[in-house]
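**Q** Sequence first, then the predicted structure, then my questions.
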Amino acid sequence: MKASVRWTVRQNDTQVLSMEVLPDDVIADKLRLDLPPNTLPAGLFMVQVTVTMEVPEVGHTSIGVAQTWLEVLPFPIVAFTGFTGTTRSQAVGHLRVTAFLSHDSRCQVPNDQLSYNWTCEAVSYPNPPVITSGGIPACEALLGPLEADSDPDGGFLHFDMNTVPVPLGSVVKVRVTIAAEGHQPGHTYVDVHTTGDISLGGYNIVCLQNCNPGDLLAHEILHLIIPPYVPASPNSGLNLWTLVEAPADFPGIDWTNDTLLVNDDTLQVRPNVFTVPGYYTIRATNYFDVNFPRIGEYRFLVIRNPVPLRLLQDNSAEIPPDVCSVRPAGGVSLVDKFCIVCEDFYDEVGPLKMDVKYKVEPGGVEAAKVRFPGERQAAPTDIVLNVFSGWVFYTYMLNIAPGNITIEVVISSADGRHTTIQLERFFIANPAIEDLIAYTEEFFDSQVGPFYKLLSTRSSAETFSGAVAAASVIVNLANNGDDITEK
C-alpha cells in the first residue's frame, strides 16, 4: 500500500498554502501540520488534509478528506507613552509627551501605519479655560500651543506651558488612542502634575524590565527606577515607594521578602508577586521640598493566567491537579502506551499551547551524580524528558520509561503567561525481556520502523522519548540481573 498526504489552507476560496508535508507510508496517527509563527495573516481560514491510499496490486485507490476552520487574530496594539509611567510631576515649562514607541507585540505593523488620537482633560485646574472641543484643541487650551517640532500624527506632542500659563499644582490628563487597521486599538494616558513651586524640577518613574503596562507578566521581575536627574532629598524618606492601587483580594507587598532591591532610586519586585488579576499602581514620592512633595506613578494591568473553563467563574489562583490526567493511570513500559489529556482551558488573549514533560525515578537503579564547581556534595541528576508541544489539550500515544513518573503540564498563552499543573506521581512497571526485544526490533527497523519515520517528520521529541524508554528498560533489566549482553 502507498499513502500520500496533502494539506491546503484556503481563505475566501483562495488557496493560501499547499504543501506535501509528510512522506509516503506515513503512520496515520502522526499526521500533523506545523505552521511557524507569522505564517498566516489575520482572518478566517479553512484547513484541509487529503489522504490518498493506493493498492497497486489490486488497482484500488481511496481518498479521505478532513476539514476544520482556523481563525487567526492579531494582537492588540501596545499603547505606550515612553517608559515614564502614568503620572509625572512636571515643572511649568516645556512638556513633551511621546507615544511613538507604541507597537503591535509581534512588530508586524510599521510605525507609519499607526494612527494617534489625542485629547486632554482637566483633573485639577484652578479657573480652567472654557473648552469647546476635544482632541488637540483641548490640549492646547490646557497646556499651551503646540511647539513647531510637535508631530501629533507621529506620536509626539511638545507644549510650552509658560504661554498659558498653567497654574502651579494643576493636574491634566493627556489621553491617546493608537490604532492600526485590523488590530484592536490600544489606549493609554499620562497625568501631568505641575509642581507646587516653580523652582522644583520634573519627577517620574522609568520602567526598565517587564514594561508592557497593558499586560505585565507576573512570572517576571518588575524593575522600576527614579531617573538620575532627580536631586536627592535632604529629608528622611528621600524617594518613598508605595503601592496605591491593587485588586481587592491582593494581599499587599511585603517590602522585605517580595523585593529583590528597594532603595531611593530603584525598585525590583520578585516574580510571582503580582499574581492577582487587575490594575496596580506603584507610586514614588519625592520630599526634596516637604511642602511640595512630587509624585511619579507606574500603573499596569495583570491579566489572569490560563484557567480551566470549569473554573472560569472562580477567582482562585489554585488549579487542582485533576484538570489533567494520564490514561491509563499505570501500566508496563513498551507494552502499554499512554496519553496525557487536559480539560479545555481559557485565556483572554487567545489560543493556548500545551507542553508536557515527565521526570522518571528508576526503581532500584542508582542515578548518576554530579557536583558543580563551588558545591561540596554531588547531587543525583534528574532524568526529565520533554515529550509533547502542541496547540491541543491532549498528547499522542507515548512510550514512558519504567519507574516512578511525575508529569508536568504547562499551558501557555501567546504572550508568555502560563499555568503549570503537576500530576500525582504514578508507577510504570518494567516489561519482560521478550517485550523489550520485540519493541526494539520494530522501533528501530530501518525500513518501516517508527524511529526513522518520526525523524523524517521532524518529531524529534517523540523519537527521543521512545529511544530513552527502551534504554531505561535495558538499565532496569540489567539491574535486576537479566542477561542483556546478547539481546
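**A** The structure has been received and is ready for your questions.

**Q** what bits of the stretch 251-400 of the chain have low per-residue confidence?
**A** 317, 363-368 (pLDDT under 70).

**Q** 80 instead, please
**A** 315-317, 350, 362-382 (pLDDT under 80).

**Q** show me where it has strands.
**A** Along the stretch 251-400 of the chain, counting by DSSP state E, counting those that start in this stretch, strands occupy 259-262, 266-269, 278-286, 294-302, 307-308, 324-327, 331-332, 339-342, 345-346, 352-361, 369-370, 379-380, 383-390.

**Q** Now the fourth one: buried residues?
**A** Read that as strand 294-302. 294-300, 302 (16 or more other CB atoms under 10 Å). Heads up, the C-betas are built off the backbone N, CA and C, glycines and all.

**Q** So which of the strands of the stretch 251-400 of the chain is nearest residue 407?
**A** With distances scored as CB to CB, the stretch of the strands of the stretch 251-400 of the chain nearest to residue 407 is strand 352-361 (4.6 Å).

**Q** which secondary structure elements does the closest one contact?
**A** strand 383-390, strand 403-413 (3 or more CB pairs under 8 Å, 6 or more residues apart in numbering; DSSP states H and E).

**Q** Which of the ones you listed has the highest mean neighbour count?
**A** Scoring those by mean neighbour count under mean count of other CB atoms under 10 Å gives strand 403-413 as the most buried, with a mean of 20.

**Q** Strand partners (parallel or antiparallel) of the helix or strand following it?
**A** Heading C-terminal from strand 403-413, the first helix or strand you meet, by DSSP states H and E, is strand 418-422. Paired neighbours of strand 418-422 in the sheet (DSSP bridges): strand 403-413 (antiparallel).

**Q** show me where the protein has helices.
**A** 136-143, 433-443, 450-456, 460-479 (DSSP state H).

**Q** Output the ones you listed as CSV; include the columns mean neighbour count.
**A** Output for the helices of the chain, formatted as CSV (neighbours: other CB atoms under 10 Å):
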stretch, mean neighbour count
helix 136-143, 20
helix 433-443, 15
helix 450-456, 17
helix 460-479, 19
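
**Q** what's the least confident stretch among those?
**A** Here the lowest mean pLDDT among these goes to helix 450-456, at a mean of 68.

**Q** And the strands of the stretch 251-400 of the chain: which comes nearest residue 71?
**A** strand 352-361 (14.2 Å).

**Q** who's residue 346 bridged to?
**A** Beta-bridge partners, per DSSP bridges, of residue 346: residue 307.

**Q** Minimum distance to residue 436: which of the strands of the stretch 251-400 of the chain has it?
**A** strand 331-332 (10.8 Å).

**Q** That closest one pairs with which strands, parallel or anti?
**A** By DSSP bridges, strand 331-332 pairs with strand 426-429 (parallel).

**Q** Using PDB, write down the CA coordinates of the partner strand.
**A** Below are the C-alpha coordinates for strand 426-429, written out as PDB (Å, rounded to 0.1, in the frame of the first residue of the first chain):
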ATOM      1  CA  PHE A 426       2.400   7.100  39.400                       C
ATOM      2  CA  PHE A 427       4.400   3.900  38.600                       C
ATOM      3  CA  ILE A 428       5.300   2.300  35.300                       C
ATOM      4  CA  ALA A 429       6.400  -1.300  35.500                       C
END
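
**Q** Could you give me the buried positions within that strand?
**A** 426, 428.

**Q** do you know which of the helices of the chain lies nearest residue 397?
**A** Closest among the helices of the chain, once you apply CB to CB, is helix 460-479, at 9.6 Å.

**Q** quick one: that closest one to strand 403-413, angle?
**A** 170 degrees (axes from the mean of the first three to the mean of the last three CA atoms, to 10 degrees).

**Q** So which residues make contact with helix 460-479?
**A** Applying CB atoms under 8 Å, 6 or more residues apart in numbering, the set of residues contacting helix 460-479 from outside is 333-334, 360, 362-365, 383, 385-389, 396, 398-403, 430-431, 433, 436, 439-440, 443, 450-451, 454-455, 484.

**Q** Distance from it to the middle of the chain?
**A** Distance of helix 460-479 from the chain centroid (CA atoms, centre = their mean, to the nearest Å) equals 33 Å.

**Q** For that helix, C-alpha coordinates in PDB please.
**A** C-alpha atoms of helix 460-479 as PDB (Å, rounded to 0.1, in the frame of the first residue of the first chain):
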ATOM      1  CA  SER A 460      12.400  14.700  17.500                       C
ATOM      2  CA  ALA A 461      10.800  14.700  21.000                       C
ATOM      3  CA  GLU A 462       8.800  11.600  20.300                       C
ATOM      4  CA  THR A 463      11.700   9.900  18.600                       C
ATOM      5  CA  PHE A 464      14.000  10.600  21.600                       C
ATOM      6  CA  SER A 465      11.400   9.600  24.200                       C
ATOM      7  CA  GLY A 466      10.900   6.300  22.600                       C
ATOM      8  CA  ALA A 467      14.600   5.600  22.400                       C
ATOM      9  CA  VAL A 468      15.100   6.700  26.100                       C
ATOM     10  CA  ALA A 469      12.200   4.400  27.200                       C
ATOM     11  CA  ALA A 470      14.000   1.500  25.600                       C
ATOM     12  CA  ALA A 471      17.300   2.400  27.200                       C
ATOM     13  CA  SER A 472      15.700   2.800  30.600                       C
ATOM     14  CA  VAL A 473      14.200  -0.700  30.300                       C
ATOM     15  CA  ILE A 474      17.600  -2.100  29.400                       C
ATOM     16  CA  VAL A 475      19.200  -0.500  32.500                       C
ATOM     17  CA  ASN A 476      16.400  -1.800  34.800                       C
ATOM     18  CA  LEU A 477      16.600  -5.300  33.400                       C
ATOM     19  CA  ALA A 478      20.400  -5.300  33.900                       C
ATOM     20  CA  ASN A 479      20.000  -4.000  37.400                       C
END
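
**Q** which one of the helices and strands packed on strand 352-361 lies closest to residue 350?
**A** The nearest among the helices and strands packed on strand 352-361, by CB to CB, is strand 403-413 at 7.4 Å.

**Q** ok, so what distance separates the residue lying farthest from the centre of the chain from residue 64?
**A** Residue farthest from the centre of the chain, counting by CA atoms, centre = their mean, is residue 58 at 53.1 Å. Shown here: residue 58 relative to residue 64, a distance of 18 Å by CB to CB, to the nearest Å.

**Q** What of residue 165?
**A** 77 Å.

**Q** neighbour-wise, which of the two wins?
**A** Between residue 165 and residue 64, residue 165 has the larger neighbour count (other CB atoms under 10 Å), namely 13 against 10.

**Q** returning to what we had before: for the buried residues of strand 294-302, which one is nearest residue 104?
**A** Residue 104 lies nearest to residue 300 out of those, by CB to CB, at 18.6 Å.

**Q** shouldn't the closest one be in contact with residue 213?
**A** Yes: between residue 300 and residue 213 there is a contact at 4.4 Å, judged by CB atoms under 8 Å.

**Q** residues touching the residue most central in space within the chain, list them.
**A** Central residue of the chain (CA atoms, centre = their mean): residue 416, 0.9 Å from the mean position. Shown in contact with residue 416 (CB under 8 Å, 6+ apart): 217, 219-220.

**Q** Next: residue 214.
**A** Taking CB under 8 Å, 6+ apart, one finds 76, 78-79, 186, 188, 300-301 in contact with residue 214.

**Q** Format the helices of the chain as CSV; extra columns: distance to residue 208.
**A** Listed next are the helices of the chain as CSV, based on distance: least, CB to CB, whole Å:
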stretch, distance to residue 208
helix 136-143, 28
helix 433-443, 51
helix 450-456, 44
helix 460-479, 36
